[in-house]
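Chemist: A predicted structure for the sequence below; I have some questions about it.
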Amino acid sequence: MTDLLTVEGLTKVFGRKASVVRAVDDVSFSISPGSITTVVGESGSGKSTLARLILGLIPPTSGRIELNGKDVTNLPNRELSGYWREVQAVFQDPFSAFNQFFHVRRLLARSRRLIGVDGDALEERMQFALDQVGLDREVLHKYPHQLSGGQRQRVMIARALMMRPVLLIADEATSMLDASLRANVLNVLTDLRRDMGLTILFITHDIGQACYVSDRVLVMKQGKLVESGPADDVIFRPQNEYTQQLLADVPRLHGEV
Amino acid sequence: MARSQRAKRGATVTLDVSGVKDAPDEVGTGHLLSARGLRAAYAGRTRDTVAVDDVSLYVNDGEVLGIAGESGCGKSTLAAVLSLTARPPLNVLGGELDVAGKRLSFEPDKAPPRSWRGTVVSLLPQGAMNSLSPTMRVGDFAVRIVAAHEGKVKRTDALARAAERFTQLDLPDRVLQAYPHQLSGGMKQRVVTVLSTLLDPQLLIADEPTSALDVSSQRVVIELLREMINQRLVGGVIFVTHDLPVLRLVADRVAIMYAGQIHETGPTEDVINRARHPYTGALLRSVLVPEPQIRTRRIAGITGSPPDLAAPPPGCRFHPRCSLAMDVCHTEQPPIVGDERHYATCWWAKDHPGEPVEAHL
């Protein structure tokens, strides 16, 4: 099976001279269709910069990104909107991602500019997107302040699904939610993979969440990929010293403190 | 009816507390802090939202008490009440607080003594590390804290005091010269933690001090808190969080809060391994930790959300979300089950004495 996304030697350097930061440093990996790949690492390890590079929100310093065999590294602006029909993202903060004055219907309907459908077809897409994330049509009339954090994040996933993307990037999408809601939102992601074959790139600092959802895990440290492989191997049989340290620091519910 | 039941419940707890006569410490003096019947409400246009409803708890000397629960369960409100920082629209309606031999009775329209703040109890608020002024050096901030409470203090004296405290806790005292943007998130959190205890409070109330940090920094902050207790810089800590695995690292005892009330409390390992309240069990089951069983099991989380505290459900407040709810839970306040060491307020627990709840969910 050919890979959906391939990243080769991707590098992003911020700043100049003395203050140079290699936020993403020669990162290469690939994602197969219908899989959930998780990037884990501490704050400042370059996880979010990697997400922004793949989304085409910032240009890389060097390296190459391919989606379905097509080079998408430095797309011109007119091709970016087409790219975003295929690659969508959900970000960390479910509170600031909303326009407080738009109800959910207006938020979802804004995607018609990108997908070019209207009327019944648009309604159908909305219904489909809401079904996928387990929300009722009732939420269409609600404003963001009337929704809980978990509901907001599910609306954001529904918004991304309006595009029927092939790749969904979830950048710390569950980090600001309570533990009791986190599992619900993660289940939405795993169900999307199972029911629609959606490919997901999940970014988190929480190895517990990575352990729950991932097929593959990539570990980042200071911009570099230090370990990658099937989730079971990376989490239960880590080879890299840094991964071992990261796992040792995770507070557990059972066993030694 | 509801009132009298609540009163009775409060009484039972007090009775249990006095029941441990043969403990080495005498009752009252053994507790660094004990609070009884705390009630606090946010004033609304039409009705009040009672966010802390008849909460009684104690913290022993040298102990960390963890308070856990979902968002919107009143944890931060309880922290504000205990730290005497409640301000309108939050009003403390009643209750009693004993801290280090001093007694305070909360009455409406009577403000607690300002001099207690920071010296008897100190609050480390949620997100404190992001409220350091970006234009002020950490040292200047320390000087202002001391000056605000002790009046005219020489700048050099205050700085020396802060430097000594930093050195004592193995933090480099050069951070006093630094601006917040020069410090990492973990270091900022350690800085505000140390600054919050600069006035030697008996009790530190830390509200979600580790929630914004990654696991390695979390550990460092927890070790810092432990070290402050070991060196007797603070008498005890109340640690508020929604993260149960973190509590296992830091807390000696935990109290599980739901809808403004404490539903279970006990020694940390007891509560985690032999939870008696279905809410505790549900919280434990939604924890995602990197352990093999997580990969094969579907974690359901807890369906629904905490109730609107302006109109809490009758009977047990958790019954609409509880998979073990019985008819009685819908109408009657649940009884206290267990002993003073570990108890839960639950009808199911009453019918199943000594059984851990987790296997039944």
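Modeler: Yes, it's here. Numbers count the residues shown, from 1 in each chain, chains lettered A, B, ... in the order given.
Chemist: List, one by one, the residues from chain B near chain A.
Modeler: For chain B, the residues in contact with chain A (Cβ under 8 Å from any Cβ of the partner chain) are B:70-71, B:184-185, B:213-219, B:242-246, B:248-249, B:272, B:282-284, B:286-292, B:294-295, B:298-302, B:305. For the C-beta atoms, the positions are set from N, CA and C on the backbone; glycine is no exception.
Chemist: Mark which of the residues you listed are buried, thanks.
Modeler: Listed as buried from those are B:70-71, B:185, B:213-219, B:242-246, B:248-249, B:272, B:282-284, B:286-291, B:294, B:299, B:301-302, B:305; burial here means 16 or more other Cβ atoms under 10 Å in any protein chain shown.
Chemist: Now tell me what touches the lowest-mean-pLDDT helix or strand in chain A from outside.
Modeler: Each helix and strand of chain A was given a mean pLDDT (mean pLDDT, DSSP states H and E); the minimum falls on helix A:112-115 at a mean of 84. Here helix A:112-115 makes contact (Cβ atoms under 8 Å, 6 or more residues apart in numbering or on different chains) with A:81, A:84-85, A:118, A:122, A:125, A:162-164.
Chemist: Flag the shaky bits of the stretch 101-250 of chain A, pLDDT-wise.
Modeler: Counting by pLDDT under 70, not a single residue of the stretch 101-250 of chain A qualifies.
Chemist: and B:R190, that one's in a strand?
Modeler: No. Judged by DSSP: H, G, I helix; E, B strand; the rest coil, B:R190 forms no part of a strand; its state is helix.
Chemist: coming back round to it: out of the contacts of helix A:112-115, which one sits closest to A:I54?
Modeler: Top of the list for closeness to A:I54, among the contacts of helix A:112-115 and by Cβ to Cβ, is A:W84 at 11.5 Å.
Chemist: Now do the contacts for the closest one.
Modeler: Residues in contact with A:W84, defined by Cβ under 8 Å, 6+ apart, are A:55-56, A:114, A:163.
Chemist: So among those residues, which ones count as buried?
Modeler: Among the contacts of A:W84, those scoring as buried are A:55-56, A:163 (criterion: 16+ other Cβ under 10 Å).
Chemist: Nearest to A:T73 among the residues you listed?
Modeler: Nearest to A:T73, judged by Cβ to Cβ, of the buried ones among the contacts of A:W84 is A:G56 at 8.6 Å.
Chemist: Distance-wise, check that closest one relative to A:E79.
Modeler: 9 Å (Cβ to Cβ, to the nearest Å).
Chemist: Could you do A:M163 as well?
Modeler: Shown here: A:M163 relative to A:E79, a distance of 15 Å by Cβ to Cβ.
Chemist: now swap in A:L218 and tell me
Modeler: For A:L218, the distance to A:E79 - Cβ to Cβ - is 27 Å.
Chemist: what does the stretch 1-150 of chain A have sitting close to chain B?
Modeler: By the rule Cβ under 8 Å from any Cβ, the part of the stretch 1-150 of chain A lying against chain B is A:42-44, A:148-150.
Chemist: Kindly recompute the last result at 7 Å.
Modeler: A:42-43, A:148 (Cβ under 7 Å from any Cβ of the partner chain).
Chemist: Tell me how many other residues crowd the closest residue to A:E86 other than its chain neighbours.
Modeler: Spatial nearest neighbour of A:E86, chain neighbours left out: A:V166 (5.0 Å); criterion: Cβ to Cβ, 6 or more residues apart in numbering or on different chains. For A:V166, the count of nearby residues is 19 (other Cβ atoms under 10 Å in any protein chain shown).
Chemist: part of a helix, is B:E269?
Modeler: Yes. B:E269: assigned to a helix according to three-state DSSP.
Chemist: Show me the residue of the stretch 51-200 of chain A that gets nearest to chain B, please.
Modeler: The minimum distance from the stretch 51-200 of chain A to chain B, using Cβ to the nearest Cβ, falls at A:A183 (3.7 Å).
Chemist: Is it correct that that residue is in contact with B:T303?
Modeler: No. Look at A:A183 against B:T303 with Cβ atoms under 7 Å: they stay out of range, at 10.6 Å.
Chemist: Give me the more crowded residue out of those two.
Modeler: A count of neighbours by other Cβ under 10 Å puts A:A183 above the other of A:A183 and B:T303, at 24 against 11.
Chemist: ok, the more buried one - contacts?
Modeler: The neighbours of A:A183, taking Cβ atoms under 7 Å, 6 or more residues apart in numbering or on different chains as the test, are B:286, B:288, B:299-301.
Chemist: now, the most widely separated pair of the residues you listed?
Modeler: B:L288 and B:A300 (12.1 Å).
Chemist: Run through the strands of the stretch 51-200 of chain A in chain order.
Modeler: Taking DSSP state E, counting those that start in this stretch, the strands of the stretch 51-200 of chain A run over residues A:62-67, A:70-71, A:87-90, A:167-171, A:199-204.
Chemist: how far does the second one sit from the chain's center?
Modeler: Spelled out, that is strand A:70-71. 20 Å (Cα atoms, centre = their mean, to the nearest Å).
Chemist: Then the third one?
Modeler: Computed by Cα atoms, centre = their mean, the chain-centroid distance of strand A:87-90 equals 6 Å.
Chemist: Run through the neighbouring helices and strands of that strand.
Modeler: Using 3 or more Cβ pairs under 7 Å, 6 or more residues apart in numbering or on different chains; DSSP states H and E as the contact test, the elements touching strand A:87-90 are helix A:149-161, strand A:167-171.
Chemist: TSV for these, including mean neighbour count?
Modeler: What follows is these, written out as TSV (neighbours: other Cβ atoms under 10 Å in any protein chain shown):
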stretch	mean neighbour count
helix A:149-161	24
strand A:167-171	23
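Chemist: for these, which one sits closest to B:P278?
Modeler: Comparing the helices and strands packed on strand A:87-90 by Cβ to Cβ, helix A:149-161 comes nearest, at 20.2 Å.
Chemist: What is that closest one packed up against?
Modeler: For helix A:149-161, the packing partners by 3+ Cβ pairs under 7 Å, 6+ apart come out as strand A:87-90, helix A:104-109, helix A:119-133, helix A:179-196.
Chemist: could you redo the last one with a cut-off of 6 Å?
Modeler: The helices and strands touching helix A:149-161, judged by 3 or more Cβ pairs under 6 Å, 6 or more residues apart in numbering or on different chains; DSSP states H and E, are strand A:87-90, helix A:119-133, helix A:179-196.
Chemist: before we move on, the earlier item: taking the buried ones among the residues of chain B next to chain A one by one, which sit in strands?
Modeler: With DSSP state E as the criterion, strands contain none of these.
Chemist: follow-up on the earlier one: tell me the most buried of the helices and strands packed on helix A:149-161?
Modeler: strand A:87-90 (a mean of 24; mean count of other Cβ atoms under 10 Å in any protein chain shown).
Chemist: Partner strands of that strand and their direction?
Modeler: In the sheet, strand A:87-90 lines up against strand A:167-171 (parallel) (DSSP bridges).
Chemist: Residues touching the partner strand, excluding its own?
Modeler: Contact with strand A:167-171 is made by A:48, A:51, A:87-91, A:160, A:198-203, as judged by Cβ atoms under 6 Å, 6 or more residues apart in numbering or on different chains.
Chemist: returning to that earlier point: can I assume the residue nearest to A:E86 is in contact with A:R85?
Modeler: No. Using Cβ atoms under 6 Å, A:V166 makes no contact with A:R85, being 9.1 Å away.
Chemist: can you give me the strands for the stretch 251-361 of chain B?
Modeler: Per DSSP E, counting those that start in this stretch, the stretch 251-361 of chain B carries strands over the ranges B:253-258, B:261-267, B:336-338, B:343-345.
Chemist: okay, those strands in CSV with mean neighbour count next?
Modeler: Listed next are the strands of the stretch 251-361 of chain B as CSV, based on neighbours: other Cβ under 10 Å:
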stretch, mean neighbour count
strand B:253-258, 26
strand B:261-267, 24
strand B:336-338, 20
strand B:343-345, 25
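Chemist: since we're on the residue of the stretch 1-150 of chain A found nearest chain B, how many residues are nearby?
Modeler: Nearest to chain B, among the residues of the stretch 1-150 of chain A, is A:E42, at 4.4 Å (Cβ to the nearest Cβ). A:E42 is flanked by 21 other residues according to other Cβ under 10 Å.
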